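Enquirer: what follows is a predicted protein model with its sequence.
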Amino acid sequence: MRSAPERAGALAREALGLAAQCDVRLPPDLRLCELAGEGAGWRDARPATGSITPSAAAWALVAAMEGALSSGERRRGAHYTPAALAERVARAALPEGAPVGPVVDPACGGGALLLATADRLAAAGAARAEVARGLLFGADIDPLAVAVAEAAVALWSGGVAPLREHLVAGDPLQDGRSLWPAAPPEGFAAVVGNPPFQGQLSRATARSVGEANRLRTRFGAAVGPYVDTAALFLLVGLDLAAPGARIAMVQPQSTAAARDAGAVRAALAERTRLVELWAPPERLFAARVHVCVPVLVVGEGDGRVDWSADVAAARGTPEVPLGAPRRGGSGHHLRDRARVLASFRNHYYGLVPHVAEADGCARHPLVTSGLVSIGSCGWGHEPVRFAKRWWDRPEVDVDAVRAADRRLDGWLGAVLAPKLVVASQTKVLEAAADERGRWVPSTPTISVMPHDPADLGRLLAAVCSPAASAWVVTRTAGSALSADTVRVSRAVLEALPLPVDEAAWDEAVGALVERDLEAYEDAAAAMYGLGRAESREVLAWWRPRARSAWLANSAVR
């Protein structure tokens, strides 16, 4: 790995070469050259052949900074922003007609968002020299990143660098607006950012006890033990923004729905309105993570503490108004007809030592999410992975489990009954019926035990329906391991509204038994009272996601 002066020297040579290509004279006191030192050979830079624009030169320098990141820096959450994403964030923070004013990026890295914001300000009529000198503010904990951002802006502007007190090395999570003595007293006109993604379950990105205590002193209860550092930067933005200003920051999608980020969303809900949320379908950065960009306007709060519906809508999930309660209001939600239980880590580890391949003994089939499809279970028909190995017909010695861990008695007593086993982390809701009550469900499945076993088929038809999938996704989007999957929780499943048309509901049950997909879709739409347009929209969303699960259903007889 190259030393810091060597990296700075390479980037300084790159900056000077790019300046020569676009005929820009860079300021002699750039921090990048100071960091490189006289022995790094940066003064020997020679321009390559060809001619480029100052803007292209600036973006090329930011890309060079991205290439200079070490693997350790990437593991700690440093991922610089692609130009297209930076432009999208800048456009959200400074929409058409927004007043020209100072903009800040509190995690500026090599300057990608500063460049994109500079383009927006210039398009609004500000001179490039004015933008570079007076309207761009930024900070980063890495002095080299700050130096690259300074040089990139200088290239973009034709040779004018930001004021040193505007672009600083420091930690805004700890020090806030005090990092910028020249910050506008009323706050910034816009806040942009792509802060480091630092989940707290990884040793490389977990906060120390001291860091956590300092952040709690500043942000209070919003600093939960597992909240991603990126989410805390939204609170930094709130501290920096002027009334009426917009905050637009790249976030992991978990910020929109994760319980651990709930206190951050609650703090924002008191003083901001969520006016837009963009969630690109592709994974971004070298870490290949799903992201979203919430856009918040500072002022009167909207009180919204859950952004799942916005993530779902951004990803094309239709909003489904499920039917009103039947007369009398009884039995309208799943919790009225069944008991719902989740399985957790202790259940998983309690089962592991007592699973074996079927050998004719009277044991209980082990059913995982991978075996469940729409209306059927593949146990005995397809291999399954459990406890880091593959199984053909895994079974559980329930008596041995109970003897080894009495804490599992109550759970096993409840789930060894006629039930639905609902898979999690699937593209749509998938559930299978255990009519005899012998399956042992594995984490992270959810078990649904009807109060009346005769309801088993009806509840299966409801849970597997397209409308139910859309309804659940709208309430959980952003919380799954993948942006394309559904994370089913006990609470959301309990609240699932049940169908309102009894006759259509019975038709859906029969169609599911006969594996008649077209008939099931028609009946499932009718049983929830969906109109023709609503039905078309839901089915257009559901069909491509459900296809593989339905084919698995058809293959298991």
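Expert: That came through fine. Residues are numbered from 1 along each chain as shown.
Enquirer: wait, residue 129 touches residue 154, no?
Expert: No - checked against C-beta atoms under 8 Å, the pair residue 129 and residue 154 is beyond contact range at 10.5 Å. (Each C-beta comes from the backbone N, C-alpha and C, glycine too.)
Enquirer: tell me which of the two has more neighbours.
Expert: It is residue 154, of residue 129 and residue 154, that has more neighbours when counted by other C-beta atoms under 10 Å, with 26 against 12.
Enquirer: secondary structure element for that one, which one?
Expert: Assigned by DSSP states H and E, residue 154 belongs to helix 143-157.
Enquirer: quick one: residue 312 and residue 472 touch, right?
Expert: No - if you go by C-beta under 8 Å, residue 312 and residue 472 don't touch, sitting 9.6 Å apart.
Enquirer: now do the shared contacts for residue 129 and residue 154.
Expert: Listed as contacting both residue 129 and residue 154 by C-beta atoms under 8 Å, 6 or more residues apart in numbering are residue 160.
Enquirer: give the other helices and strands that the helix holding residue 154 contacts.
Expert: Contact analysis of helix 143-157 by 3 or more C-beta pairs under 8 Å, 6 or more residues apart in numbering; DSSP states H and E lists helix 4-21, helix 31-36, helix 54-67, helix 112-123, helix 128-130, strand 136-140, strand 167-169 as its packing neighbours.
Enquirer: any idea of the mean pLDDT for the fourth one?
Expert: In other words, helix 112-123. Across helix 112-123, the average pLDDT comes to 97.
Enquirer: and it, which residues are buried?
Expert: Going by neighbour count (16 or more other C-beta atoms under 10 Å), the buried part of helix 112-123 is 112, 113, 114, 115, 116, 117, 118, 119, 120, 121, 122.
Enquirer: quick one: the helices in the stretch 251-400 of the chain?
Expert: Using DSSP state H, counting those that start in this stretch, the helices of the stretch 251-400 of the chain run over residues 262-271, 308-314, 334-337, 345-351, 398-404.
Enquirer: can you pull the buried residues of the longest one?
Expert: Residues 262, 263, 264, 265, 266, 267, 268, 269, 271 are the ones in helix 262-271 that count as buried (16+ other C-beta under 10 Å).
Enquirer: how about the contacts made by the first one?
Expert: For residue 262, the residues meeting the contact criterion (C-beta under 8 Å, 6+ apart) are 224, 305, 306.
Enquirer: cool, and the fourth one?
Expert: Residues counted as contacts of residue 265 (C-beta under 8 Å, 6+ apart) are 255, 304, 305, 306, 307.
Enquirer: which of those residues ranks first by neighbour count?
Expert: For the contacts of residue 265, the largest number of neighbours (other C-beta under 10 Å) sits with residue 255, at 27 neighbours.
Enquirer: who's in contact with that residue?
Expert: So residue 255 contacts 228, 230, 231, 234, 261, 264, 265, 292, 294, 307, 478 (C-beta under 8 Å, 6+ apart).
Enquirer: of the residues you listed, closest to residue 521?
Expert: residue 478 (27.2 Å; C-beta to C-beta).
Enquirer: hang on, that closest one packs against residue 261?
Expert: No - using C-beta under 8 Å, residue 478 is not in contact with residue 261, being 9.4 Å away.
Enquirer: what's the overlap in contacts for the two?
Expert: With contacts taken as C-beta under 8 Å, 6+ apart, residue 478 and residue 261 have 254, 255 as neighbours in common.
Enquirer: avg pLDDT for the helix or strand hosting residue 522?
Expert: Assigning secondary structure by DSSP H and E places residue 522 in helix 517-527. The average pLDDT for helix 517-527 rounds to 94.
Enquirer: so which residues make contact with the helix or strand just after that helix?
Expert: Tracing the chain past helix 517-527, the next element assigned as helix or strand by DSSP H and E is helix 532-555. Residues from elsewhere that reach helix 532-555 (C-beta under 8 Å, 6+ apart): 316-318, 320-321, 373-376, 378, 381, 426-428, 430, 466-467, 469-470, 484, 515, 517, 521, 525, 530.
Enquirer: buried members of those into ChimeraX, please.
Expert: Selection command for ChimeraX covering only the buried members of these, criterion 16+ other C-beta under 10 Å:
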select :317,318,320,373,374,375,376,378,426,427,428,430,466,467,469,470,515,517,521,525,530
